[in-house]
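A.B. asks: Turn this into a structure:
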Amino acid sequence: MPLDDQQRERLRFDDFQLDRFPNGRCLAKVGLQWTRGRTFSGEAEGTQTKQGELQAAAKAAVAAAAESVRGRVALELRGVKAVRAFDAWIVVASVSARVENLDFRLLGAFPSPGVDLSRGAVLAVLDATNRVLQRYLED
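C.D. replies: Sure thing, here's the model as predicted:
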């Protein structure tokens, strides 16, 4: 039985903001969108380093994704890293998911051609989680 368009929908990237502060900290804010204009948001703090900003962006994306399924799936960021391969940056994210007593380790990647690796971390988390989450998004 084929899925209708609404059942096929995945979370989509909507907005990303990374604020840097004079004290060496940063705040990442992520907005995700689903059908009929429903939006979900998450935020996380980090240090103002390349890895700290990647971590904050990925954690904010995980928080927004978790909000979308209202506790039906437990998500946790395992790690995020930017790697240089084939003359380009690729952001890789690992997320653990617990669904109905089953544990999954999800892996996502996003090629980030520019210098905005933090935005790439958000998209790598979406790549990791969307195939599992789309089954649990509520109408």
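A.B. asks: and the next element down the chain from the worst-scoring helix or strand of the chain on mean pLDDT?
C.D. replies: When the helices and strands of the chain are compared on mean pLDDT, DSSP states H and E, helix 5-8 comes out lowest with a mean of 48. For helix 5-8, the succeeding helix or strand toward the C-terminus, using DSSP states H and E, is strand 12-20.
A.B. asks: after that following strand comes which helix or strand?
C.D. replies: Criterion used, DSSP H and E; the element after strand 12-20 is strand 25-33.
A.B. asks: and that next one, which residues are buried?
C.D. replies: Neighbour-count burial for strand 25-33 flags Cys26, Ala28, Lys29, Val30, Gly31, Leu32, Gln33 (criterion: 16 or more other Cβ atoms under 10 Å). Any C-beta I mention is one placed from the backbone N, CA and C, and that applies to glycine too.
A.B. asks: Tell me the spacing between Arg36 and Glu9.
C.D. replies: 10 Å (Cβ to Cβ, to the nearest Å).
A.B. asks: do the same with Phe21
C.D. replies: For Phe21 relative to Glu9 (Cβ to Cβ), the value is 36 Å.
A.B. asks: got a list of what Glu45 touches?
C.D. replies: By Cβ atoms under 8 Å, 6 or more residues apart in numbering, the contact list for Glu45 reads Arg25, Cys26, Leu27, Ala28, Ala56.
A.B. asks: Is it within a helix or a strand, and which one?
C.D. replies: strand 39-47.
A.B. asks: and what of Asp103?
C.D. replies: strand 102-112.
A.B. asks: Packing partners of that strand?
C.D. replies: strand 88-99, helix 117-133 (3 or more Cβ pairs under 8 Å, 6 or more residues apart in numbering; DSSP states H and E).
A.B. asks: What is the first one packed up against?
C.D. replies: Just to be clear, that refers to strand 88-99. Packed next to strand 88-99, using 3+ Cβ pairs under 8 Å, 6+ apart, are helix 50-68, strand 74-85, strand 102-112, helix 117-133.
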